[in-house]
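1. test case, fold it:
(one chain, ligands or ions: 1)
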Amino acid sequence: MASVQAYPFRISRISDVGGAEIFGVDLSQPLDAAMKDAIMRAFLEFHILVFRDQELTKDAQYKFSENFGEMEHHVGRLPNGKPYSIVHTVTNLDADGNPIKSLKAEGNYFWHTDKSYHAVPSLTTMLHAVELPESGGGDTQFANTKRGYDALSDTMKTRIADMKVEHSWEASRRNVGAPPPNAAQISERPPVVHPIVRTHPDTGDKTLYLGHHMSHIVGLDKDESDALLEELSDHTTQDEFVYTHQWRTGDYVMWDNRLLLHRAMPNYKFSKDRRLLHRTVVIGTAPY
Ligand SMILES: [Fe+2]
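-> This next block holds a predicted model:
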């Protein structure tokens, strides 16, 4: 596809839905103001930036990530009970470095936007592909909810304009069939309410703020709420609005959680192949 000229690096659109690949930028080096500005412009234009062929340490990933805001801590715990480090690992390998036998009921595999169960959710999530399945797969999908919103009927836009949705850690666990959190965990992360139509804080675009951390639409009975959330979710995750990223080793991907839903695909031999990525997250602003 044609290169875009307005940037100080080679950048090509990957899909109509979102995504651009960027070449010739070394993320292990400090960013100057002009490069940071160019990356942010590209981020707002393409929503998913794929920096190819990156080699950087966890420390360098931390330094690159913090250019874009306050770093977010992982909410989970490692199997040994310790907290995750801010630059943590997403992998199918166990503590001994061997592929796991079966996938757990993880929320990653369901459409979501990161930390929507927080009052102030994630702005961008970044993943650096260190090891990928030899036989392919392990893709990540992104759904563009601005495109989904724009394609709604005027009747539906009016119907949902002022609706609010409760998101919670408890609902998130329930929705994916995972063991429920205990009382302490629930009180540590109480439910939050966000608008269903979110305004992107940098562009003013209207988006659909959905995902499997949702519990219900405030003020509707359960059946009506479930039906409407399912209808909107199915609508904005239809193929027309989805980009599937097929990873290459060295890819460093950062995406905009404010207008994208995403999910991991269990489409690889997780009990045989190795998949390991380094993850960082930057906190955003309260949705409105
Ligand atoms: Fe996620």
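
2. when you work out contacts or count neighbours from here on, use the C-alpha atoms and nothing else.
-> Noted.

3. run the chain-centre distance for the lowest-mean-pLDDT helix or strand in the chain.
-> Using mean pLDDT, DSSP states H and E, the weakest-scoring helix or strand in the chain turns out to be helix 183-188, at a mean of 88. Mean-position distance between helix 183-188 and its chain equals 24 Å (CA atoms, centre = their mean, to the nearest Å).

4. which other residues reach that helix?
-> With CA atoms under 8 Å, 6 or more residues apart in numbering as the contact definition, helix 183-188 has outside contacts at 169, 170.

5. could you do stretch 18-29 as well?
-> Here stretch 18-29 has contacts from 9-14, 46-57, 60-61, 64, 144, 243, using CA under 8 Å, 6+ apart.

6. from the residues you listed, keep the buried residues only.
-> Among the contacts of stretch 18-29, those classed as buried by 16 or more other CA atoms under 10 Å are 9, 11-14, 46-56, 61, 64, 144, 243.

7. sort out for me which of those are in helices.
-> 46, 61, 64 (DSSP state H).

8. let's have the residues you listed in CSV, adding distance to residue 217 and pLDDT.
-> What follows is these, written out as CSV (distance: CA to CA, whole Å; pLDDT from 0 to 100):
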residue, distance to residue 217, pLDDT
46, 30, 98
61, 37, 97
64, 37, 97
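
9. so which of these comes closest to residue 255?
-> Nearest to residue 255 among these: residue 46, at 8.9 Å, using CA to CA.

10. quick one: contacts for the closest one?
-> Residues near residue 46 by CA under 8 Å, 6+ apart: 13, 18, 19, 20.

11. flag every buried residue along the least confident helix or strand of the chain.
-> Counting neighbours by 16+ other CA under 10 Å, helix 183-188 gives no buried residue.

12. if I look at the closest residue to residue 93 other than its chain neighbours, how far off is residue 272?
-> The shortest distance from residue 93 to any non-neighbouring residue, by CA to CA, 6 or more residues apart in numbering, is to residue 99 (4.4 Å). To residue 272, residue 99 is 6 Å away according to CA to CA, to the nearest Å.
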